[in-house]
Each structure stands twice: as structure tokens, then as C-alpha cells.
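*Asks:* Build me a model:
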Amino acid sequence: MDHSPHQKGYPSVAAHFASSSELATFRKFSNLNMRNLLYMQTELIMLEAELKELDQKDASDKTTAAVLQSWEAVLRGTSERGTRRKEMALTMRKKLQEYNEALAVQSQVLNLESPSKRVLGVHKEWLDRHGHPVQRPIIDRGDEFLDEPYDLVALAGAERSRDPLTSFLINHCGQLFKLQTVEQQVPVSSSNIYYYSEQSASRLSNFISLMLATLLLVGGIVSLYFVQDEGRRLGMIGGYTVLFATGLFFCTAGKKGEIFGATAA
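*Replies:* This next block holds a predicted model:
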């Protein structure tokens with residue numbers, strides 16, 4: 001029985017999404033956004049062409065040539081072309097603002113991270129209710145957003161900021177960090193869905209990284225101390241260097257340049 005204080009339907013879905021920042025997953029509607037930008041771009045192209053045509057007409061007419069050199073003349077003018085030029089300027093200003101804002105917003109949307117397979121699995125498990133239509137929280141087309149997994153974005157973007165080791169622990173060993181209580185009560189439709197402590201996963205990841213670094217350092221020093229053959233020593237140094245670089249890659253969120261720099265040092 002569901003003892004959640006949230007009502008069924010969209011209120012419960014909203015509570016489910018809000019229960020963890022990772023669950024904030026939405027469609028970005030790439031196709032529609034691109035079509036909208038194309039429409040806006042076409043409108044500006046048409047406006048640009050009309051403005052060029054108007055410039056040519058005014059340039060060839062001695063009585064109106066001054067409007068190309070003075071915006072004040074355009075504002076004071078009362079001719080038909082002058083009025084049209086003012087209307088076009090206002091239209092251009094509005095459309096350019098909308099177009100530039102749409103470009104900037106879409107640029108930000110394109111940089112948003114895709115949700116992990118684990119998060120998608122949680123959503124499918126929660127929304128599907130084991131295939132029982134009567135128990136599903138949404139009965140309209142709102143639950144179809146999962147049908148386009150490649151068009152989804154995660155607002156939190158936590159996966160990209162994690163190092164590979166922490167991501168592995170969370171995705172494959174999440175039950176080790178299971179929380180017993182949740183501050184925000186949400187409807188739970190499956191015993192397979194649980195919340196985990198990312199802080200605990202991060203601590204374990206840091207501990208493993210520290211132990212690995214210690215083993216590589218101490219192991220390298222000790223092994224080189226007992227090996228006298230120069231050829232074997234060079235081989236061991238190369239091996240430990242590879243292990244160190246591999247450890248940096250999996251245990252840190254460092255960029256390629258940072259990993260190269262640390263390995264070279």
C-alpha cells in the first residue's frame with residue numbers, strides 16, 4: 001500500500017523526480033528545437049533580403065539616398081519606404097533577440113549530459129509499475145518521454161563530474177550504499193528501487209584510490225630495491241608508470257592533459 005502524502009498522477013511523478021537530483025530527466029526535443037531554429041533563421045533571411053532590396057531602391061533614388069547615411073532621417077521620414085524601413089528595423093530587432101536567445105539556450109541544452117542507463121532503468125521501473133496499467137501514475141502521453149532515450153538530458157549532470165571508479169561503484173555496487181531513510185517520501189512501486197549515499201560511495205572510492213597509490217609507491221620502491229638487473233629495472237619502471245597512469249584515469253576525474261602531466265612528473 002502506498003503511504004506517500006503525494007497524490008497519484010503528476011504530483012507523485014514530480015515527487016519521484018524531485019527525490020534525487022539524478023532523477024531530473026527530461027526530453028530536449030532536438031528535432032523540434034532544430035526546426036524552430038531553422039524557421040527563425042529563414043524568417044531572418046527573408047527579412048535580410050527585403051532590407052537589401054530596400055537599400056538598393058533608396059540608393060538609386062536621390063530623394064531617399066540620405067536614409068542610408070542617417071538613421072535620424074529614417075525616424076523623421078514619412079515616405080512609404082521610410083515607414084517600411086522603420087517597421088523592418090523593429091521586426092528585425094525583435095526577431096534577432098528571439099533568435100539569439102534561442103541559439104544561446106540551445107547551446108546550453110546541447111551541453112547537458114545524458115542520463116545513465118541506471119537512471120533510465122529506475123524511471124522505467126517506477127513508471128511501468130510492472131506492466132499494470134491501472135497502477136501507472138500517468139495514463140496520458142506524458143509517460144512516452146522514455147521512448148526516445150537518445151533525446152533525454154539529465155539536469156544534474158552528476159555522471160560527468162564523477163571519476164570512473166565512483167561511477168562503477170554506484171552503478172554496480174549501489175546496494176552497499178543504500179540509505180535506510182529518505183528525507184522526501186515518494187511513492188515506491190518496486191522493491192528494486194532504492195536510494196544510495198553518494199557521499200559513502202565517494203569515500204570508498206577515495207579509500208581505494210589512496211590504497212592503490214600507496215601500493216604502487218611502496219611496491220615500486222621495494223621491488224626496485226631488490227632487483228639489480230638494469231634491464232629488469234627499466235621494465236619495472238615502465239610497468240609501474242603504466243599502472244600509475246591507469247590508476248589516475250580510473251580513480252580521478254582528471255583531463256587528458258592533467259593525466260599526461262602527472263605521469264610525466
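*Asks:* Just give the nearest non-adjacent residue to the most centrally placed residue in the chain, would you?
*Replies:* The centroid of the chain falls nearest to residue 112 when counting by C-alpha atoms, centre = their mean (1.6 Å). Using C-beta to C-beta, 6 or more residues apart in numbering and skipping residues adjacent in sequence, the residue nearest residue 112 is residue 153, 4.0 Å away. The way it works is simple: take the backbone N, C-alpha and C, and place the C-beta from them, glycine included.
*Asks:* From what I see, the residue nearest to the centre of the chain and residue 152 are in contact.
*Replies:* No - in this structure, residue 112 is not within contact of residue 152 by C-beta atoms under 8 Å, at 9.4 Å.
*Asks:* For those two, list the residues in contact with both.
*Replies:* Counting by C-beta atoms under 8 Å, 6 or more residues apart in numbering, the contacts common to residue 112 and residue 152 are residue 28.
*Asks:* quick one: the strands in the stretch 151-265 of the chain?
*Replies:* 152-154 (DSSP state E, counting those that start in this stretch).
*Asks:* which stretches of it form helices?
*Replies:* Counting by DSSP state H, counting those that start in this stretch, the stretch 151-265 of the chain has helices at residues 158-161, 164-172, 198-226, 230-251, 256-264.
*Asks:* quick one, what contacts the residue nearest to the centre of the chain?
*Replies:* Applying C-beta under 8 Å, 6+ apart, the residues near residue 112 are 28, 153-155, 157.
*Asks:* ok, and the most crowded of these?
*Replies:* residue 154 (21 neighbours; other C-beta atoms under 10 Å).
*Asks:* that older thread, so of the helices of the stretch 151-265 of the chain, which one's packed in deepest?
*Replies:* When the helices of the stretch 151-265 of the chain are scored by mean count of other C-beta atoms under 10 Å, the highest mean neighbour count falls to helix 164-172 (a mean of 18).
*Asks:* what packs against that one?
*Replies:* Secondary-structure packing of helix 164-172 (3 or more C-beta pairs under 8 Å, 6 or more residues apart in numbering; DSSP states H and E): helix 117-128, helix 198-226, helix 230-251.
*Asks:* In the record's domain split, what are the boundaries for this protein?
*Replies:* 10-28+113-196, 30-110, 200-264 (automatic domain parsing).
*Asks:* Tabulate these (CSV), appending mean pLDDT.
*Replies:* Listed next are the domains of the chain as CSV, based on pLDDT from 0 to 100:
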stretch, mean pLDDT
domain 10-28+113-196, 73
domain 30-110, 85
domain 200-264, 72
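*Asks:* Need the helices and strands packed on helix 164-172 in JSON lines (columns: distance to residue 168).
*Replies:* As requested, the helices and strands packed on helix 164-172 are exported to JSON lines (distance: least, C-beta to C-beta, whole Å):
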{"stretch": "helix 117-128", "distance to residue 168": "11"}
{"stretch": "helix 198-226", "distance to residue 168": "9"}
{"stretch": "helix 230-251", "distance to residue 168": "8"}
